[in-house]
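> just a sequence and a predicted model for now, questions to come.
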Amino acid sequence: MTRQSFSTLNIPTALLTNLTDLGYTEMTEIQAEALPAVLAGKDVIAKAKTGSGKTATFGLGILAKLDVKYFRVQSLVLCPTRELADQVAAELRKLARNIHNIKILTLCGGVPLGPQIGSLEHGAHIIVGTPGRIIDHLDKGRLKLDDLTTLVLDEADRMLEMGFQADLDTIMSKAPSQRQTLLFSATYPAAIAKLSQRLLKDPVEVTIAHQHDNSIIDQQFFQVNDQRSRLTALYNLLLHYQGQSSIVFCNTKRETQDVADALHQYGFSVLALHGDMEQKDRDQTLVQFANGSACVLVATDVAARGLDISSVDAIFNYQLAHDADTHIHRIGRTGRAGETGMALSLFTASDAGKLPPIEDGLGITIVASELPALNNQLQPAKPVMVTLQLDAGKKHKIRAGDIVGALTASKQLTNDDLGKIQLHDIWSFVAVKRSAVKLALQLIQQGKIKAKSVRARML
């Protein structure tokens, strides 16, 4: 496909200039296919995988018609998880850098209501949030959708999987019938078809086929006998093939926690991620895995959706996914940005029905590989980084540069000793090389950041 320039579209000059500054010159496939219809104000159903450029597709559509002088909620973006909502809001703010006085507000569960209530009292142009928290604010009259012109359902398939059908219906009932609705979904099950029939009017349908490149991901499948041999096989494969960053996919929340606990007993640097966790624990888990402070993440598909992690060394399917689309999404987290990756999947005789759809979806023939011989000399990998949590964040006017300055001012540490820094409202996280973490902790505890003492601890 010939790449098209954003300049061929009817987009305000301020947006085009910013796109150029960001290095966004040519449209991705979904942007080229869907943006003309979005900008024309039509309802759109877009079927495309995560990472295809869909956020900019609906983001540019929202921003192109936004009336900044009219301080009312004009657009609402619904996401299945807080992590994805935060990611979407960050991307929208980046796209809107050249639009002055724009307010984009994130409303998600798992965080205190107070600050959200205060922000809503001051008004907003664009709301990004999760269904449950949006309904909380609607029910209490803190949020009104009377002036809504655009409604976006991002990763609609996951919202239905997570049981948000009733919540979505409630939100739609409070939104104007005369609006533009944009539905984005990686898969298109029957439930999504029914949802789109109810919510969208004469929609333009855009389907971007997932072009899976078998050449960059080394896939192997291993047959096991039962649950006990499955865990032994995973232990064996992790020892042989783990890098600094691996994800193990499980099909249930209970299984996810059990597998993570077992791997911890085996000595792996491992974290679990699933829907039963408190939001604070989810945040800490995501931070540690993304910044290299843990080598293995055991997760459910829903929890891992929208993770802000560029690529991982290897994917391990402890259980086969329920369908080919989900399998492709799982393994698509490795082998990104031109790098090679590895995907290792376990299956039993009872999984026979799952294999043909995966073969068809990937265009391969699955042949069971032989498990490597168990080598007791191998040891679980240790993470290069350790995460420090600081009890100060955005609300304390802390910036990443302030943290870097506090850690490097004495010249005992350099920028090379530091990794990813993430700022939250009331705390911050900084990754530090394992060899330097004690010194880093001492520098924070004995020094000051912006003339204030800040408590810090290792996660």
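Ah, there it is. Residues are numbered from 1 along each chain as shown.
> following the lowest-mean-pLDDT helix or strand in the chain, which helix or strand comes up?
Least confident element among the helices and strands of the chain, by mean pLDDT, DSSP states H and E: helix 301-304 (a mean of 71). Once helix 301-304 ends, the next helix or strand along the chain (criterion: DSSP states H and E) is strand 314-317.
> which strands or helices does that next one pack on?
Strand 314-317 is packed against helix 227-241, strand 246-250, helix 324-331, strand 341-347, with contacts defined by 3 or more Cβ pairs under 8 Å, 6 or more residues apart in numbering; DSSP states H and E. Quick note: C-beta positions are derived from backbone N, CA and C, even for glycine.
> weakest of the ones you listed by average pLDDT?
Mean pLDDT values for the helices and strands packed on strand 314-317 show the minimum at helix 324-331, a mean of 84.
> using PDB, list the CA coordinates for it.
The C-alpha trace of helix 324-331 is given here as PDB (Å, rounded to 0.1, in the frame of the first residue of the first chain):
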ATOM      1  CA  ALA A 324      -6.900 -17.500  16.900                       C
ATOM      2  CA  ASP A 325      -7.200 -13.600  17.200                       C
ATOM      3  CA  THR A 326      -6.300 -13.600  20.800                       C
ATOM      4  CA  HIS A 327      -3.300 -16.000  20.200                       C
ATOM      5  CA  ILE A 328      -2.100 -13.600  17.500                       C
ATOM      6  CA  HIS A 329      -2.500 -10.600  19.800                       C
ATOM      7  CA  ARG A 330      -0.500 -12.400  22.500                       C
ATOM      8  CA  ILE A 331       2.400 -13.300  20.400                       C
END
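> now find how far off-centre that helix is within its chain.
Taking Cα atoms, centre = their mean, to the nearest Å, one finds the center of helix 324-331 at 15 Å from the center of the full chain.
> next, the angle from that helix to strand 246-250.
Calculated by axes from the mean of the first three to the mean of the last three Cα atoms, to 10 degrees, helix 324-331 forms an angle of 150 degrees with strand 246-250.
> number of residues surrounding the closest residue to residue 334 other than its chain neighbours?
Once flanking residues are discounted, residue 334 sits nearest to residue 341: 2.9 Å by Cβ to Cβ, 6 or more residues apart in numbering. With neighbours defined by other Cβ atoms under 10 Å, the count for residue 341 comes to 20.
> and residue 341, what does it touch?
Residues near residue 341 by Cβ atoms under 8 Å, 6 or more residues apart in numbering: 216-218, 311-315, 331, 334-335.
> just residue 180 next, same as before
Taking Cβ under 8 Å, 6+ apart, we find residue 180 in contact with 38, 41-43, 61, 149-151.
> top of those by neighbour count?
In terms of neighbours by other Cβ under 10 Å, the contacts of residue 180 top out with residue 38 at 27 neighbours.
> how about the helix or strand harbouring that one as CSV, C-alpha atoms only?
According to DSSP H and E, residue 38 maps onto helix 29-39. Output in CSV follows, covering the C-alpha atoms of helix 29-39 (Å, rounded to 0.1, in the frame of the first residue of the first chain):
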residue,chain,number,x,y,z
GLU,A,29,-3.2,1.8,7.1
ILE,A,30,-6.0,2.3,9.5
GLN,A,31,-5.5,6.1,9.5
ALA,A,32,-5.6,6.2,5.7
GLU,A,33,-8.7,4.1,5.5
ALA,A,34,-10.7,5.5,8.4
LEU,A,35,-9.7,9.2,8.9
PRO,A,36,-11.5,10.6,5.8
ALA,A,37,-14.8,9.1,7.1
VAL,A,38,-14.1,10.2,10.7
LEU,A,39,-13.3,13.8,9.6
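> which residues touch that helix?
1, 3-4, 6, 9-11, 27, 44, 46, 48, 52-54, 56-58, 60-61, 64, 180, 182, 204, 206, 208.
> same question for that helix: list its buried residues.
The neighbour-count check on helix 29-39 (16 or more other Cβ atoms under 10 Å) flags 29-38 as buried.
> one step back: let's see which of the contacts of residue 180 end up in strands.
If you go by DSSP state E, the contacts of residue 180 have 150-151 in strands.
> okay if I get the contacts of residue 180 as CSV plus pLDDT and distance to residue 282?
Formatted as CSV, the contacts of residue 180 follow (pLDDT from 0 to 100; distance: Cβ to Cβ, whole Å):
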residue, pLDDT, distance to residue 282
38, 95, 32
41, 94, 37
42, 95, 36
43, 95, 33
61, 95, 30
149, 96, 33
150, 96, 29
151, 97, 26
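> quick one: which of the contacts of residue 180 is nearest residue 142?
Here the nearest of the contacts of residue 180 to residue 142, counting by Cβ to Cβ, is residue 151; it sits at 18.4 Å.
> ok, for the closest one, nearest residue in space, not its chain neighbours?
Distance criterion Cβ to Cβ, 6+ apart; nearest residue to residue 151, sequence neighbours excluded, is residue 181 at 4.9 Å.
> how about the secondary structure of that neighbour?
strand (DSSP: H, G, I helix; E, B strand; the rest coil).
> from residue 318, how far off is residue 234?
Going from residue 234 to residue 318 by Cβ to Cβ, to the nearest Å gives 6 Å.
> so how many other residues sit close to residue 217?
For residue 217, the count of nearby residues is 21 (other Cβ under 10 Å).
> who does it bridge with?
For residue 217, the beta-bridge partners under DSSP bridges are residue 341.
> now it: how far from residue 424?
The spacing between residue 217 and residue 424, counted by Cβ to Cβ, is 33 Å.
> what's the answer for residue 165, then?
According to Cβ to Cβ, residue 165 and residue 424 sit 31 Å apart.
> same deal with residue 252?
Following Cβ to Cβ, the distance that separates residue 252 from residue 424 is 29 Å.
> what residue ranges in the chain are flagged as low confidence?
Of all residues in the chain, those with pLDDT under 70 make up the ranges 1-3, 49-51, 162, 209-215, 303-311, 336-339.
> domain assignment for it?
6-207, 217-362, 385-458 (automatic domain parsing).
> end-to-end on the longest one?
Looking at domain 6-207, the gap from its leading to its trailing residue is 20 Å under the measure Cα to Cα, to the nearest Å.
> who touches the residue nearest to residue 172 when sequence neighbours are not counted in this structure?
The shortest distance from residue 172 to any non-neighbouring residue, by Cβ to Cβ, 6+ apart, is to residue 199 (6.1 Å). By Cβ under 8 Å, 6+ apart, the residues touching residue 199 are 153, 172, 181, 183.
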